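1. Only the shape, not the letters, is given here:
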Ligand SMILES: [Zn+2]
């Protein structure tokens, strides 16, 4: 068959989607994002835009894969001190993920891949998996762990000689990724270092980012370059594709 016009499910007609599934497009990615602040230099769509772009790259790499509409808001209570953030309660996100899986499986996708470019979604997305496993007739592959998301960023910074403390929420690695993938979301004149001390994640989630960083970000976005963003993207896509292929292989054996 001819390739569908787009890997993005929402841009295709039902007839194109039916044709693609029947012709072997048996895998669908469900990208999780957030609508939350990442400092004064990034549009609040950052995580959702990142998820959309990474989803397309992973789909192209895997082949015979479509990308479901990004779940845009995530669980972002600890960013509510900054204007614009929209936060789902964990149970809202769990219900949305569950309904996505039900819907996609009912159309005949065999494999549903859940990932999130906002680490704050991992607890809720993982918590709903047992329910999905008993209710949904499809293999569900998850990429919901911190190392899988963070290690490619750290390796990229190391490869470019950027100190690891330059990363963080709205820091060098994520700002670079946006310069590469969605440069219109970066306000370069607003890029300046954020809070660079060590803060336990538990402190950030209980007290909120505003207790630590006046501008909302951590690390140093001035170290971001488009080349670094290309490196981060390549490493993330490779890591995600490897994990998906391993998990799918396990299930077919
Ligand atoms: Zn986030």
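-> Arrived safely, thanks for sending. Bear in mind the structure is a predicted one, so any value in this text is a computation, not a measurement.
2. How about the contacts made by the residue of the stretch 101-250 of the chain at minimum distance from the ion?
-> Here the stretch 101-250 of the chain gets closest to the ion at one residue, residue 118, 3.6 Å apart by Cβ to the ion. Backbone N, C-alpha and C define where each C-beta goes, glycine included. By Cβ atoms under 8 Å, 6 or more residues apart in numbering, the residues touching residue 118 are 32-34, 36, 47, 51, 74, 76.
3. got the residue ranges for the strands in this protein?
-> 27-32, 65-67, 111-116, 139-142 (DSSP state E).
4. Let me have those in a markdown table, extended by mean pLDDT, distance to residue 207 and mean neighbour count.
-> A markdown table is the format used below for the strands of the chain (pLDDT from 0 to 100; distance: least, Cβ to Cβ, whole Å; neighbours: other Cβ atoms under 10 Å):
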| stretch | mean pLDDT | distance to residue 207 | mean neighbour count |
| --- | --- | --- | --- |
| strand 27-32 | 98 | 24 | 27 |
| strand 65-67 | 98 | 35 | 25 |
| strand 111-116 | 98 | 23 | 24 |
| strand 139-142 | 97 | 29 | 20 |
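5. JSON lines please, covering these and showing distance to residue 192.
-> What follows is those, written out as JSON lines (distance: least, Cβ to Cβ, whole Å):
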{"stretch": "strand 27-32", "distance to residue 192": "29"}
{"stretch": "strand 65-67", "distance to residue 192": "34"}
{"stretch": "strand 111-116", "distance to residue 192": "28"}
{"stretch": "strand 139-142", "distance to residue 192": "36"}
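6. For residue 204, give me its contacts.
-> Contacts of residue 204 (Cβ under 8 Å, 6+ apart): 78, 169, 212.
7. What's the local residue count around the nearest residue to residue 144 once chain neighbours are set aside?
-> Computed as Cβ to Cβ, 6 or more residues apart in numbering, the closest residue to residue 144 that is not its neighbour in sequence is residue 122, at 4.7 Å. Look at residue 122: counted by other Cβ atoms under 10 Å, it has 20 neighbours.
8. Leaving out chain neighbours, which residue sits closest to residue 77?
-> residue 87 (5.1 Å).
9. scratch that, residue 150 is what I was asking about
-> In space, residue 150 is closest to residue 119, 7.8 Å off (Cβ to Cβ, 6+ apart).
10. Likewise for residue 31?
-> Using Cβ to Cβ, 6+ apart, the nearest residue to residue 31 is residue 51, at 3.6 Å.
11. per-residue confidence for that neighbour?
-> Per-residue pLDDT puts residue 51 at 98.
12. and the gap between it and residue 83?
-> From residue 51 over to residue 83 the distance is 22 Å, taken as Cβ to Cβ, to the nearest Å.
13. likewise residue 39?
-> For residue 39 relative to residue 83 (Cβ to Cβ), the value is 13 Å.
14. and the residue nearest to residue 31, what does it touch?
-> 31-33, 70, 115-118.
15. Report how many residues lie close to the residue nearest to residue 77.
-> 19.
16. Beta-bridge partners for it, please?
-> residue 74 (DSSP bridges).
17. Hmm, residue 79 and it touching each other?
-> Yes. With contacts counted by Cβ atoms under 8 Å, residue 87 reaches residue 79, the gap being 7.2 Å.
18. Name the residues contacting each of the two.
-> By Cβ under 8 Å, 6+ apart, the residues touching both residue 87 and residue 79 are residue 36.
19. How many neighbouring residues does residue 187 have?
-> Count around residue 187 with other Cβ under 10 Å applied: 13.
20. does it really touch residue 40, like I thought?
-> Yes. Using Cβ under 8 Å, residue 187 is in contact with residue 40, at 7.2 Å.
21. Report pLDDT for the residue nearest to residue 149 when sequence neighbours are not counted.
-> Leaving out its chain neighbours, the residue that sits closest to residue 149 by Cβ to Cβ, 6+ apart is residue 119, at 6.0 Å. Here, the pLDDT recorded for residue 119 equals 95.
22. tell me the contacts of residue 119?
-> Counting by Cβ under 8 Å, 6+ apart, residue 119 has contacts 146, 149-150.
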